[in-house]
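Novice: Sequence unavailable; structure follows:
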């Protein structure tokens with residue numbers, strides 16, 4: 001079971017890792033959203049997905065308990081606007097972690113400390 005703890009506005013989840021999974025049909029929209037940022041998306045979904053699979057395999061080989069979290073662009077944009085955060089890699093990671101925490105909390109796989 002994962003351990004969750006909070007220090008002010010920072011939430012930590014121990015003993016897990018996560019990777020976002022973007023929808024192929026939304027890929028061009030992701031690229032356009034991040035084209036002029038410090039964290040542009042890989043130009044093609046196939047190229048990104050190949051890297052994603054390699055990253056996943058590497059993390060698993062290192063013994064990490066990895067979770068794949070599907071991220072919808074419309075829900076991400078709504079979340080970022082509500083939180084007034086810029087569209088960047090940190091926001092993508094924070095949103096993906098929030099989705100994972102919610103999923104784990106709902107399934108009972110999260111121990112809140």
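Specialist: Yes, it's here. Just so you know, these numbers come straight off a predicted model, no measurement behind them.
Novice: Please make it C-alpha for all contacts and neighbour counts, starting now.
Specialist: Noted.
Novice: what helix or strand is residue 20 on?
Specialist: Assessed by DSSP states H and E, residue 20 sits inside strand 17-22.
Novice: Distance-wise, check the residue nearest to residue 60 when sequence neighbours are not counted relative to residue 27.
Specialist: Excluding the flanking residues, the one nearest residue 60 by C-alpha to C-alpha, 6 or more residues apart in numbering is residue 66, at 6.8 Å. Here residue 66 is placed at a distance of 22 Å from residue 27 (C-alpha to C-alpha, to the nearest Å).
Novice: higher neighbour count, these two?
Specialist: Applying other C-alpha atoms under 10 Å to residue 66 and residue 27 shows that residue 27 carries more neighbours, namely 19 against 15.
Novice: so when I look at the more buried one, I'm seeing a helix, right?
Specialist: Yes - when classified by DSSP: H, G, I helix; E, B strand; the rest coil, residue 27 is found to be part of a helix.
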